[in-house]
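A.B. asks: Based on what follows, work out the 3D shape:
(chains A and B)
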Amino acid sequence: MNLQLVLVALGVLAAGGFAALVAGRRGRLALALGTAGAVAGSALGLVAAGAQLASGGAVAARAGWRPPLGSLTVGLDPLSSFFLVAVFLVAALAAVYGAGYLRAHLEAGGRRIGAAVAAFNLLVAAMAGVVIARDGVLFLAAWEVMTIASWVLVTFEDEHESVQRAGLIYLVASQLGVVALFLLFALLRRGAPGFEFAQLAAAGPPAPGLAAVCFGLALVGFGAKAGFWPLHVWLPDAHPAAPSHVSALMSGVMIKMGIYGLLRTLLLLGPPPVWWGALVVGIGAVSGLAGVLYALAQHDLKRLLAYHSIENVGIIALGVGIGLLGQSRGDAMVAFLGYAGALLHVLNHGLFKGLLFQGAGAVLQATGVRALDALGGLARRMPVTALAFLAGSVAIAGLPPLNGFVSEWLIFAGAFRGGAALAGGAGLAAAAVVPALALIGGLAVACFVKVYGVVFLGTPRTGAPGRAREVGAAMRVPMVLAAALCLLLGVLPVVAVGVVAPAAREVAGLAAAPAGLGGSLAAVTAVGAALVAVVALLVLVRAGLLRRRPAPAAPVWACGYVGVTPRMQYTAASFAEPVLAPFGPLMHRTVHALRPATFFPAAASYEEHVGDVAGERLLAPAARRVLGVFARLRILQQGRIQLYLAYVLITLLVLLTWQIGLAGR
Amino acid sequence: MTGAPDVLLLLVLVTDLFIVASGRLKACVRATAAQGVLLAALPLALWVPRGDANLAHVVVIGVGALVVKAIVIPSRLLRSAREAGARREVAPYVSLHVSVLMGALLVMLSLWLARALALAPAAGGGERAALLVPASFATVLLGFLMLVARRYAVTQVVGYLMLDNGVFIFGQRLVGAVPVLVELGILLDLLAAVFVMGIAMHHIGREFDHIDTRALSTLRD
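C.D. replies: Here you go, the predicted model:
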């Protein structure tokens, strides 16, 4: 029943998208139809997936018609239902926001909105398809549709050259990842009668060597989508290039499809050895640290947020690694904590990253500026956006009482327990998560202090933020809703853990959730409630003190210096400099500075550029080498028909000799 | 190895090597015409003495081959070579000596392959000509050699014609098994293809003042 409802929801999404496509040039109509389809479909799907998740069972169905190689088999189990909840929740919020965002785009004279609206609905439907697919061929088909639909959205503003470039890099990276997935499913298929997951599972887990190869392929193929270091290079280009509601959807849930695929593959690969867990922990730590460090160095708001997605995928990988370590050593509690933390962070990150990208989109729309150092003072002009963005910032920094804290806390708990309870290298790897996650969390706090301080506090640095106005209700409501959900999950971790527990049990292979979490969850609730109370109290006190007293605006006291301008505030770069300085050797920073040298300096300037080490030192040289090899192959391509005929002749002679001349011996 | 068909096939091999070895365009085309005559005689020599094949069928094939391979195409080739003002030499990529050497090697390879190839007994008396299969292989491969090693379009067409001749020889095993209509269809195809090539050569020659295929290589990416 729930499965059928989900399929109906997909139909509604597709119908809305198709209607938008047909409406085409009539932008407002297309937007209304598409958004209605997206919201209705997502809401229906959310209800169905939630009901299935609550029932805790697994269902599957197969269509009568079989496409070549595969079959149209779909199903819902706790893992799928959980990811569906995340997809539909973020999608519904993003669709409402997108209606407001694209309306402004239309009013500004934008064109070609039908295809973008249709692609948005298609992307949501394709993600749901990936999650419910129970057949390798169907899974890959949905996966490719997801890639194409998101590519259409990334290249929405394709009049900019940077957007074209971002789209190309995204497409190439996705296709490279899919190659690994094709290999993966071809290997998994060995010994099974078909590509259906049930058949693959019935054929038993592959031999250890083959399983290791499959695991490696899954890490590459799904990691490219999720944004594991060093396969993340497409992400910081593609996410900022897309319209903000699409960035929210892509960063919030689409990259999590990589996590879903990895977990689904792990279910087919049998019990994991210890080194898998250690490897995933290593990947998570590197991704998390690299993501947050590069985020600190960014000067573009959306690009910064994109790097934070890499960081958060790293945190999720840390959780998955803990889960694998616990599973390999048979420790139910550690495995449960790791997977539950990872899955909860999937949902949490979807919520707060969606919120942050929407906030960034609101700032971008109100000011037209993405450079951090041109903004400032927006909290007074856009109070709702500022408050929602603040909630998102606290959540992504992993601070109580918001939801980011709960998932990171689960992962911490798993790491501490694993470090103490697991024997040998597994314990060491689990213990290594603690400092890595702590460092990531601390740097994330620094980064969002920088972002919030530079963008929303202080005074406007240029004219654009000075003229900003709050965005419309269609854009404000989703942000406020997301912020409220973040707070709810943060204060009531029992609810959050209840949502992820069935899926975490399924991945960890446990019959029941291990007992003994209730007490610490209650403690989290108490701390969260206390914090909320303290903040509320402080706000009330401040309001009481300021009542009946004017709060005049006056120039800043600068020790008698009178030439103060708004540009003499802390800049993003100057705030990040001391934090980044110790990590300088790890990053590819180039600084062009003209420092004031004499007592009466005339001109001074400072410019810094941070290149991505993975892209510039690792992938670009590798790509150049591959291109060099292929360029050498062009020697075969001379343009002379005689030469091509000679290739045919040589092939013919070799085949004749081999197949006839030598076969008879 | 002593029957009339084998003598004919031996002569076919000689014309093959002559075509590969000849440095003059006209001689090359005339040898092709001679090969066409030999091929026209081949079905008669193979099937008439046995008397079990449909005589009309064999005669139609022979006459068709004579008309197409020995008369129409060679005369057409000579004309277009004249029209296009092609020079008298064949303009080889590979020198004539090396061509002959490679041709000889290919003939040896054909003999070896024909022995290794375990063919089902032919529908009729194919077996009475021991050289049938090797000669057909050799003609195909030497035709290919002409395609690869020569520069002018006329010699390309000669190579293409030799390819078809090789297939024609091989087809003699199947006379009686294949309806005459199919064989005539193949001949007609060949004729049409050669006419298309002739027209193309004509246009290339008029456009560029030569029919040197080297100039076409600038079309590559």
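A.B. asks: Now do the helices in chain B.
C.D. replies: B:4-21, B:25-47, B:55-65, B:73-83, B:96-116, B:132-149, B:153-171, B:180-208 (DSSP state H).
A.B. asks: hey, C-alpha coordinates of the fourth one in PDB?
C.D. replies: These are the backbone C-alpha positions of helix B:73-83, laid out as PDB (Å, rounded to 0.1, in the frame of the first residue of the first chain):
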ATOM      1  CA  ILE B  73      34.300  -1.700 -66.200                       C
ATOM      2  CA  PRO B  74      37.800  -1.800 -67.700                       C
ATOM      3  CA  SER B  75      36.700   0.400 -70.600                       C
ATOM      4  CA  ARG B  76      35.000   2.800 -68.200                       C
ATOM      5  CA  LEU B  77      38.200   2.900 -66.100                       C
ATOM      6  CA  LEU B  78      40.400   3.600 -69.000                       C
ATOM      7  CA  ARG B  79      38.100   6.400 -70.100                       C
ATOM      8  CA  SER B  80      38.000   8.000 -66.700                       C
ATOM      9  CA  ALA B  81      41.700   7.700 -66.300                       C
ATOM     10  CA  ARG B  82      42.100   9.600 -69.600                       C
ATOM     11  CA  GLU B  83      39.500  12.100 -68.700                       C
END
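A.B. asks: Check which helices and strands that helix is in contact with.
C.D. replies: Secondary-structure packing of helix B:73-83 (3 or more C-beta pairs under 8 Å, 6 or more residues apart in numbering or on different chains; DSSP states H and E): helix B:25-47, helix B:153-171, helix B:180-208. No exception for glycine: its C-beta is placed from N, CA and C like everyone else's.
A.B. asks: Which among the ones you listed is found nearest to residue B:95?
C.D. replies: Each of the helices and strands packed on helix B:73-83 has some distance to residue B:95 by C-beta to C-beta; the shortest is helix B:153-171, at 14.4 Å.
A.B. asks: Now do the same contact list for the closest residue to residue A:335 other than its chain neighbours.
C.D. replies: Among residues not flanking residue A:335 along the chain, residue A:326 sits closest, at 3.3 Å (C-beta to C-beta, 6 or more residues apart in numbering or on different chains). Neighbour list for residue A:326: A:277, A:332-338, A:414, A:418, A:422, A:430, A:508 [criterion: C-beta atoms under 8 Å, 6 or more residues apart in numbering or on different chains].
A.B. asks: So which of the residues you listed sits lowest on pLDDT?
C.D. replies: Scanning those for pLDDT, the smallest score is found at residue A:422, 81.
A.B. asks: Now for it, how many residues are close by?
C.D. replies: 24 (other C-beta atoms under 10 Å in any protein chain shown).
A.B. asks: Is it correct that it is in contact with residue A:331?
C.D. replies: Yes - the pair residue A:422 and residue A:331 qualifies as a contact (C-beta atoms under 8 Å) at a distance of 6.2 Å.
A.B. asks: and the helices of chain B, which is most packed in?
C.D. replies: Across the helices of chain B, the average number of neighbours (mean count of other C-beta atoms under 10 Å in any protein chain shown) peaks for helix B:132-149, which reaches a mean of 25.
A.B. asks: Let me see the contact set for residue 15.
C.D. replies: No chain specified, so I'll use chain A. Going by C-beta under 8 Å, 6+ apart, residue A:15 touches residue A:37.
A.B. asks: Chain B is the one I meant
C.D. replies: So residue B:15 contacts B:31-32, B:34-35, B:38 (C-beta under 8 Å, 6+ apart).
A.B. asks: can you check residue A:179 too?
C.D. replies: Residue A:179 makes contacts with residue A:221, as judged by C-beta under 8 Å, 6+ apart.
A.B. asks: Next, the contact list for the nearest residue to residue A:101 once chain neighbours are set aside, please.
C.D. replies: Distances taken as C-beta to C-beta, 6+ apart put residue A:245 closest to residue A:101, at 5.3 Å, once the chain neighbours are dropped. Applying C-beta under 8 Å, 6+ apart to residue A:245 gives the contacts A:94-95, A:97-98, A:101-102, A:120, A:357-358, A:361.
A.B. asks: Could you measure from residue A:245 over to residue B:48?
C.D. replies: 85 Å (C-beta to C-beta, to the nearest Å).
A.B. asks: Can you get me a residue count around whichever residue of the stretch 501-650 of chain A sits closest to chain B?
C.D. replies: Closest to chain B within the stretch 501-650 of chain A is residue A:639: 2.8 Å, counting by C-beta to the nearest C-beta. Residue A:639 has 13 neighbours, counted by other C-beta under 10 Å.
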